[in-house]
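Trainee: A structural model of the following input is requested.
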Amino acid sequence: MAAPTKTESYGYGGYKGSRSPVAEAFRVLRTNLQFAAVDKELKVILVTSASSNEGKSTVVEYLAQAISHTGKKVMVLDADLISPTLHRYFGIPNQRGLSNLIVGDADSTVFTCLKEYPNLSVITTGPVPPNSSELLGSARMKHLMDRLRGEYDVVIMDTPPILPVTDAVVASSLADGIILVVQAGHTRSGDVRHAQEVLEAAHANLLGVVLNRSRRRVKDYYGTRTYDTQGAEPAKPEEESAGS
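Mentor: This next block holds a predicted model:
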């Protein structure tokens with residue numbers, strides 16, 4: 001999915017209380033995460049996918065907006081130090097960011113507060129490093145995450161896909177829960193199962209799957225229509241019909 005430009009106002013509805021199917025899908029996802037946090041607080045949520053181009057960064061953006069609308073203080077952290085996109089989604093610069101913070105070459109000035117969403121802040125990747133997995137597994141990265149846990153109600157991390165590189169698995173130790181994004185009609189079921197196995201081997205807490213770009217029929221006052229929406233029901237990967 002191509003990243004939206006700032007002028008497109010590509011938020012999940014653009015404002016609190018949107019009635020769009022996409023906005024409702026992410027409110028459902030937000031509610032499901034609240035139920036998932038009954039026994040263990042979900043302060044840090046990592047979003048990833050099995051392979052590339054599944055829409056995980058879009059899910060990060062919309063989920064962060066949905067949670068921030070509840071009044072919670074949310075930090076979006078672009079930890080995809082290989083192919084970053086969130087700076088384009090939010091329409092902000094990416095000269096300095098996470099990579100600078102980890103190597104000690106920046107401070108809180110790289111935190112971007114969004115005027116459109118007062119409770120939402122973003123840390124972009126900054127310059128793409130040659131050793132992304134080493135940075136994500138470093139003691140400085142852990143120290144940064146401990147700091148963000150203390151300053152924000154929720155931290156949502158965007159990471160590279162699981163199967164091509166190890167970054168998401170390395171970063172999973174920093175998260176309280178993992179969301180796996182699957183694109184309907186695109187993701188191969190074998191890749192989903194493999195991604196699940198990799199996360200289980202790392203003892204990561206897989207919360208469930210977001211089925212992206214599913215077509216859902218909904219009823220309104222004018223009859224039944226089909227929307228191209230982003231599904232938001234967590235489910236076990238082996239139960240998800242991802243298609244090929």
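Trainee: how about low-confidence regions in this structure?
Mentor: 1-19, 215-244 (pLDDT under 70).
Trainee: Which residue ranges of it form helices?
Mentor: 21-36, 56-68, 86-90, 98-102, 132-136, 139-151, 167-172, 189-201 (DSSP state H).
Trainee: any chance of these in a markdown table, plus distance to L207 and mean neighbour count?
Mentor: C-beta: built from backbone N, CA, C; applies to glycine. A markdown table is the format used below for these (distance: least, CB to CB, whole Å; neighbours: other CB atoms under 10 Å):
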| stretch | distance to L207 | mean neighbour count |
| --- | --- | --- |
| helix 21-36 | 5 | 18 |
| helix 56-68 | 12 | 26 |
| helix 86-90 | 20 | 22 |
| helix 98-102 | 23 | 23 |
| helix 132-136 | 20 | 20 |
| helix 139-151 | 18 | 14 |
| helix 167-172 | 12 | 25 |
| helix 189-201 | 10 | 17 |
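Trainee: Among these, which comes closest to V110?
Mentor: helix 98-102 (6.3 Å; CB to CB).
Trainee: Show me how far the closest one is from its chain's centre.
Mentor: In terms of CA atoms, centre = their mean, to the nearest Å, the centre of helix 98-102 is found 19 Å from the chain centre.
Trainee: now stretch 24-35
Mentor: Counting by CA atoms, centre = their mean, stretch 24-35 comes out at 14 Å from the chain centroid.
Trainee: which residue is nearest the middle of the chain?
Mentor: V60 (2.9 Å; CA atoms, centre = their mean).
Trainee: Number of residues surrounding the closest residue to it other than its chain neighbours?
Mentor: Counting by CB to CB, 6 or more residues apart in numbering, V60 lies nearest to D158, which is 4.5 Å off, once chain neighbours are set aside. The number of residues packed near D158 is 26, by other CB atoms under 10 Å.
Trainee: ditto for the one 4 residues further on
Mentor: Taking other CB under 10 Å as the criterion, the count of residues near I162 is 27.
Trainee: Kindly report the same for D176.
Mentor: Neighbours of D176 under the rule other CB under 10 Å: 18.
Trainee: now E116
Mentor: With other CB under 10 Å as criterion, E116 counts 13.
Trainee: swap in G185?
Mentor: Residues lying near G185 (other CB under 10 Å) number 11.
Trainee: so the closest residue in space to L86 that isn't next to it in sequence bridges to which residues?
Mentor: Distances taken as CB to CB, 6+ apart place D78 nearest to L86, at 4.2 Å, with adjacent residues excluded. Listed by DSSP bridges, the beta-bridge partners for D78 are D158.
Trainee: Now do the contacts for D78.
Mentor: Each residue near D78 by CB atoms under 8 Å, 6 or more residues apart in numbering is listed here: P84, T85, L86, H87, G97, L98, V122, I123, T124, T125, D158.
Trainee: Of those residues, which is the nearest to N32?
Mentor: D158 (19.2 Å).
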